[in-house]
Each structure stands twice: as C-alpha cells, then as structure tokens.
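Chemist: here is my input; please provide its structure:
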Amino acid sequence: MVTALLVVASVMPGAQQKHAPPIVIETVQVNIVNVEIVVTDREGRSISGLESGDFEVFEDGKPIRITNFYAAVGGRPAPPPGAPSPAGEAVQEQAAPTPEAQALGLVFFIDNANLTISRRTAIFEQVRSLLRQGLQTGGAQVLLATSGGAVRIRQPFTSDEQALLAAVEHLEHEVGEARGGSERNPLLTRLMGSAAAPAEAGTSGGRGISSQDFDRQNALSIREDVRSAAEEAYQQTRVTLNALTQFVDSLAGLPGRKALVYVGEGVPMRPGEALLQEWEAAFRNYDPTFNAVAEAGRYAVNREFGEMIRRANSARVTFYCVDGSPDSGSAGVSAERASMTADPTSSIMNAHNLRQSLESMAGATGGRTLAAGPNLATTLARTVEDFQTYYSLGYAAPHIGDGKYHEIEVRVKREGARTRYREGYLDRAPDERTAERNLSALLFGTVSNPLGLAVTVAPAEKQKGDTFMVTLSITVPLGNLVFLPREEVHEGSVSLWMATRDADDRLSAPGKKTFPVRIPNDQLQSALGQLGSFTFQMLVNKGPQRVAVTLRDELSQTDSTAVASFTTDAAATGATGPT
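Modeler: All right, here's what the predicted structure looks like:
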C-alpha cells in the first residue's frame, strides 16, 4: 500500500520520432446517459418487441428526448421491426454481435464479512446455477471477488466456465468472516446467564456489596461490553461499505452493462442494535432511561449505504442479491440464535433489517433479490432473462458533471407492463470519471492508450522497515498532444492520475497532478518528434505491486492509461509501453 507519494515532474526531450504538426481542435462534450430497463407482464414474463416510441423518459420530472435505443432478446440484438426471423441453426450465425456498450460484465461479490459458515453451502449452489446460466448471455464475462474489509479479485473476467467453477469451489470452502449469529455467542451467553441467575441475597464476597448493587454493576459492565461490540460492528460495516463503494467506482470505468451479484446475508444498517435491544430486554430495570433504539442510531450507516447505491447507479451497476440470511422459521431466525436471545423480537427485527438492505440494493438499481424458497428456480430463470432480454435507452443529459444526483423515471405505453430500472444517477465530474478509469485499469487490466503512454519502473531502493522507494518514468509522444500558441511559446496541459495495488489487494486512491507543458516557438518542430517525460517517486510496502497511470490531455480531453507490475526486491517487470 502506498504510504506516501513524492512527485518530481519534468518535461524533457527523449527519443526522436516523426510527427505531424499539432492541430488545434475544438472539443465538444456530450453527457450520454444509458438506462437499462426490464419490461415484464403481470406474471413477470419479459415483454419484447417494443420500440423507441413505446417509452417516455423523465429526468428530475422533466421529459427527455431519447436519442439512442437498443433492444436485446435472448442475449442478442433484437431484429429490426418487420424483419424476417431466421429459423433453426441459422439464428446463431446470422445474429449480429453484441455491441461493446451492451456487453455484460457479471460480477459475483462474496461478502465474507456478512456471510456465516452455516449458510455457505446452500448459497453457493445458487451461485453456481446463476453463473452457468449467466454465461449463456452473448459476450458475457464473469468475475469473482470477495470482501472481508478489502476487496480481492479471486478470478479475473473470463468466460471459461471450468475456471470459474473451480474458483467457486475454492471460495465455498473458505472460512467466512461474519460476526453474526454464533460468533456473538460468548457475549450472549454472558448476557443471558447474568439475566437468568442474579446474585444471591445478602452481600457478595464479604465486601459489603448488596446483591442488588452487585447485579446492577454486573448489568452495567455487560452493557459496556455490548456497546464495544456495537462500535466494533459499526466500524467493520463502514469498512465493508467503503470497500464496496470503491469497487463499484472501479466498475464504472468498464464499458457495457454491469450486473453485480451480491452474495451475503445483507448489510446491517444499524450494527449492534439487536445486542443493545437484548441488553435492554434483560436489564431494563437497572436503567429505566436506557433506550436501545435511540442508542443504536449512533451506529447507523444509512448515509454510507445511500452513497454506495447512488454511485452504483452512476456506474451503471445493477445489484442482484442472493439472500444468504437464515430461512428457518417464518421470521428467519435460526434455532441456535433464538434459544439464546433475551428478546426474540430483536432477532426478528435484525433479520428483517438485513433483508431490507438486500431489497434496497436491488430495488434502487433495477435488480432482483433471490431468496431461498419454492420459487427460487423461477427467480433464477427470470434473473438470467433480465441479462438477456431488455431495452437500453440513451439520452443527452442537460448537464455535464454537475456533481448532483438526478432522478430517472421511465414510462412504457403498454397496458399492464411492469418495469425495473435504476432510479437515478450521480452525475460525476470529469475528474471523477477519469479516476474511475484509472481504478478499472488497475483492477481489471482494461487499458485504452490512444496517446501512446508508457510507464517503466526502476529497481526499488530499501527504506526503513519494510518500505521501499520506487521511481516511475512516464513518457508520452509530444506530437500526440495539443498545444496552443501563447506569444513566445506553445502551451499545453496534462493531468496525471496514479493508483497502486499491493499483493493483499489494498488500493491507494487515485491522486491527480496537473502540469503545464511549454515549448518555445523556435523549438516546436523538433520537440514534436520527442517524448515528454515525467518522473515520480513513491514509497510502497514490500512485495509485489501494480501501478496504473492515466494521463489526460486537458486541451483535447483525451486520456490514456498504462499499467506496470513490479516487485520491490527485483527489477521492474511487466512495464507497459504504448498499446
């Protein structure tokens, strides 16, 4: 992980190259918003055959003209209205390829922090089924990731079913990190044991402490332990949400649709509330002023959860939540947990709140919740149908990067039609969008390099402890940049973003630096055949590292990304050049 970033930048001549003189261009930015919409009948079956005129789109309550329209049926572009339908085996051969903007990235996100061991086998059966069926979608690529604080890529994007199933098999047998249910049993045991067995009458330990005073002190001591457990759960939930938000941001830099299959019991919106309620039920007589619901408000994560949803909508990410919560009993409370709780109502409420978080993630982004039960097979089939039969509506937003959240409404001119789509999006500033592409390159290797950017890493120099100083050289052909005449010089401007990833998948957030590039008029022609060079030094931890660098030409608004892999105890490896 990067612990410091020292920047030394310069622009200097490099190898001679031949380039044409720069052309001053005018850039026109258009903010195109794509909204994927699933249309079904009252029974939940997909409706195909609709056209652009069958839809109305509203942003913040105002009608918007649809400029782009795409329809998919069975994972392939729908034929134009009135076109004859090819029959038999010819269908596969004649179908047009899926455009890159509509390609499906299917991401399975295993939330180990909120998935208990007892639920893993049943949940992973659903994962396998959805994975197999999802791969039937034209052009689909699947990625497996886990989270236990930091997000780890366990299987990069691939369509290799055998490789994916092998990775799923390995993940199923990993020990989850969830702290719900049985993981809290020691504290619950102490809580319930104290509530069921108050101290005997008289004094305790010969110290003149009455049984009533002893019981009260014991109850208050347990309450402090409960508060500590609630605080710990709160901090862990924030870490999980922050990691998920950063992961969603990285997906924003990928082209196409993204379906994120969340596998877990849900995100506790008020971590520790159930424990606080259990203490209140057992010991309310010792502190009548204590209110578990009010105190649990200190640990609410509604703001972080809402921000994650808004950024998912902005990233064109749809959540499909595989419900990993316990399903024994009508309230969803395991027998083990119910037998230990002072207040069964708190367990019922906790299970309900977890499910509500899953429903919120899916509902706000236009997805589904897949819960165990007699209808699971149908739900799985309908989920795959979502991937394959849908409509994509594009429109030019009346703003560019205003940083605000905008609500979306889609209406269908079809009696009885039901719709699902993302409820809005956060219109991110251009700098945020570039940072997202930088993260995507770092995590997924998606590199676009029209400017010919190159990155090399010099051997690392040992510092204190397990830290090393590495020097990065970043070059770009000056002839690929745009310059404007300014009296005695031609001037351009470039911005650089850089992020790193270590062996434990810890990420440094992309940071931005902007540099003017000035060339004297009498040196312009020779300079355009040379390389601009930037040198950075960064302090990193020991072990393998990966760095992504994104350079944006501010005048042409063109950006390029290059990625380099290296290890601190050897010379640079895998450094990338122009692609």
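Chemist: which ones are touching G445?
Modeler: By Cβ atoms under 8 Å, 6 or more residues apart in numbering, the contact list for G445 reads 156, 563. The C-beta positions use only the backbone N, C-alpha and C, and glycine is treated the same way.
Chemist: list the buried residues in the helix or strand containing E436.
Modeler: Using DSSP states H and E, E436 falls within helix 430-444. Residues of helix 430-444 classed as buried: 430, 432-444 (neighbour count, 16 or more other Cβ atoms under 10 Å).
Chemist: helices or strands up against that helix?
Modeler: Judged by 3 or more Cβ pairs under 8 Å, 6 or more residues apart in numbering; DSSP states H and E, helix 430-444 is in contact with strand 151-158, helix 211-252, strand 489-502, strand 511-520, strand 544-553, strand 558-567.
Chemist: switch to 10 Å and redo it
Modeler: Under the contact definition 3 or more Cβ pairs under 10 Å, 6 or more residues apart in numbering; DSSP states H and E, helix 430-444 sits against strand 141-147, strand 151-158, helix 211-252, helix 302-314, strand 489-502, strand 511-520, strand 544-553, strand 558-567.
Chemist: identify the residue nearest the residue nearest the centre of the chain in space, chain neighbours excluded?
Modeler: In the chain, the centroid-proximal residue (Cα atoms, centre = their mean) is V248; its distance is 2.1 Å. Excluding its sequence neighbours, the residue lying closest to V248 (Cβ to Cβ, 6 or more residues apart in numbering) is A312, at 4.8 Å.
Chemist: I'd guessed that neighbour sits against M361; true?
Modeler: Yes - with contact defined as Cβ atoms under 10 Å, A312 reaches M361; the gap is 7.8 Å.
Chemist: who's more crowded, these two?
Modeler: Each of A312 and M361 has its neighbours counted (other Cβ atoms under 10 Å); A312 has more, 28 against 25.
Chemist: just the pLDDT at P186, thanks.
Modeler: Turning to P186, the model gives it a pLDDT of 62.
Chemist: got it, and F536?
Modeler: F536 is given a pLDDT of 90.
Chemist: thought it was touching T500?
Modeler: No - taking contacts as Cβ under 10 Å, F536 lies outside contact range of T500: 11.1 Å.
Chemist: tell me how far Q155 lies from G264.
Modeler: Noted for Q155: a distance of 18 Å to G264, by Cβ to Cβ, to the nearest Å.
Chemist: cool, S473 as well?
Modeler: Distance from S473 to G264, counting by Cβ to Cβ: 43 Å.
Chemist: which residue packs closest to E307, ignoring adjacent ones?
Modeler: Leaving aside its sequence neighbours, E307 sits nearest to T245 (Cβ to Cβ, 6+ apart; 6.5 Å).
Chemist: pLDDT weak spots in the protein?
Modeler: 1-29, 81-95, 175-210, 324-347, 349, 372-373, 570-579 (pLDDT under 70).
Chemist: give the residues shared as contacts by A312 and M361.
Modeler: Taking Cβ atoms under 10 Å, 6 or more residues apart in numbering as the criterion, A312 and M361 both touch 244, 260, 318-319, 367.
Chemist: now those residues in JSON lines, with distance to E56, neighbour count and secondary structure?
Modeler: Listed next are the shared contacts of A312 and M361 as JSON lines, based on distance: Cβ to Cβ, whole Å; neighbours: other Cβ atoms under 10 Å; DSSP: H, G, I helix; E, B strand; the rest coil:
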{"residue": "L244", "distance to E56": "33", "neighbour count": "25", "secondary structure": "helix"}
{"residue": "L260", "distance to E56": "28", "neighbour count": "25", "secondary structure": "strand"}
{"residue": "T318", "distance to E56": "21", "neighbour count": "27", "secondary structure": "strand"}
{"residue": "F319", "distance to E56": "25", "neighbour count": "28", "secondary structure": "strand"}
{"residue": "G367", "distance to E56": "22", "neighbour count": "27", "secondary structure": "coil"}
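Chemist: reformat those as CSV; add distance to V168.
Modeler: Written out in CSV, the entries for the shared contacts of A312 and M361 read as follows (distance: Cβ to Cβ, whole Å):
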residue, distance to V168
L244, 20
L260, 16
T318, 21
F319, 19
G367, 20
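Chemist: which member of these is positioned nearest R270?
Modeler: L244 (17.7 Å; Cβ to Cβ).
Chemist: the residue lying closest to that closest one once chain neighbours are set aside: neighbouring residues, count only.
Modeler: Counting by Cβ to Cβ, 6+ apart, M308 is the residue found nearest to L244 once chain neighbours are left out, at 5.8 Å. Burial of M308 is recorded as 25 neighbouring residues (other Cβ under 10 Å).
Chemist: next one: V412
Modeler: Here the number of neighbours of V412 (other Cβ under 10 Å) works out to 17.
Chemist: do I have it right that it meets S52?
Modeler: No - using Cβ under 10 Å, V412 makes no contact with S52, being 11.6 Å away.
Chemist: what do those two both touch?
Modeler: Residues within reach of V412 and of S52 at once, by Cβ under 10 Å, 6+ apart, are Y391.
Chemist: quick one: T446 is in a strand?
Modeler: No - applying DSSP: H, G, I helix; E, B strand; the rest coil, one finds T446 to be coil, outside a strand.
Chemist: quick one: it and L439, what's the gap?
Modeler: According to Cβ to Cβ, T446 and L439 sit 10 Å apart.
Chemist: shared neighbours of those two, anything?
Modeler: Joint contacts of T446 and L439 (Cβ under 10 Å, 6+ apart) are 250, 253, 548.
Chemist: tabulate those residues (a markdown table), appending distance to P485 and neighbour count.
Modeler: Formatted as a markdown table, the shared contacts of T446 and L439 follow (distance: Cβ to Cβ, whole Å; neighbours: other Cβ atoms under 10 Å):
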| residue | distance to P485 | neighbour count |
| --- | --- | --- |
| S250 | 39 | 25 |
| G253 | 34 | 23 |
| A548 | 33 | 27 |
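Chemist: could I get these in TSV, plus columns for distance to A351?
Modeler: Formatted as TSV, the shared contacts of T446 and L439 follow (distance: Cβ to Cβ, whole Å):
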residue	distance to A351
S250	31
G253	36
A548	41
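Chemist: and the strands in the stretch 301-450 of the chain?
Modeler: Using DSSP state E, counting those that start in this stretch, the strands of the stretch 301-450 of the chain run over 317-323, 368-370, 390-396, 405-412, 418-420, 424-426.
Chemist: mind putting the ones you listed into JSON lines with distance to F69?
Modeler: Formatted as JSON lines, the strands of the stretch 301-450 of the chain follow (distance: least, Cβ to Cβ, whole Å):
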{"stretch": "strand 317-323", "distance to F69": "19"}
{"stretch": "strand 368-370", "distance to F69": "24"}
{"stretch": "strand 390-396", "distance to F69": "6"}
{"stretch": "strand 405-412", "distance to F69": "12"}
{"stretch": "strand 418-420", "distance to F69": "15"}
{"stretch": "strand 424-426", "distance to F69": "18"}
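Chemist: and those strands, which is most packed in?
Modeler: strand 317-323 (a mean of 27; mean count of other Cβ atoms under 10 Å).
Chemist: the residue nearest to L244 touches F109, doesn't it?
Modeler: No - counting by Cβ under 10 Å, M308 sits too far from F109 to count as a contact (11.9 Å).
Chemist: domains in this structure, by residue range?
Modeler: Per automatic domain parsing, the domain ranges recorded for the chain read 4-28+434-567, 32-74+389-426, 104-184+235-378.
Chemist: what packs against the next helix or strand after the helix holding E436?
Modeler: Once the chain leaves helix 430-444, the next helix or strand it forms, by DSSP H and E, is strand 454-457. When contacts are defined as 3+ Cβ pairs under 10 Å, 6+ apart, strand 454-457 packs onto strand 467-477, strand 531-541, strand 544-553, strand 558-567.
Chemist: sheet partners, orientation included, of the next helix or strand after strand 454-457?
Modeler: Proceeding N to C from strand 454-457, the next assigned helix or strand is strand 461-462, under DSSP H and E. Under the criterion DSSP bridges, strand 461-462 sits next to strand 467-477 (antiparallel) in its sheet.
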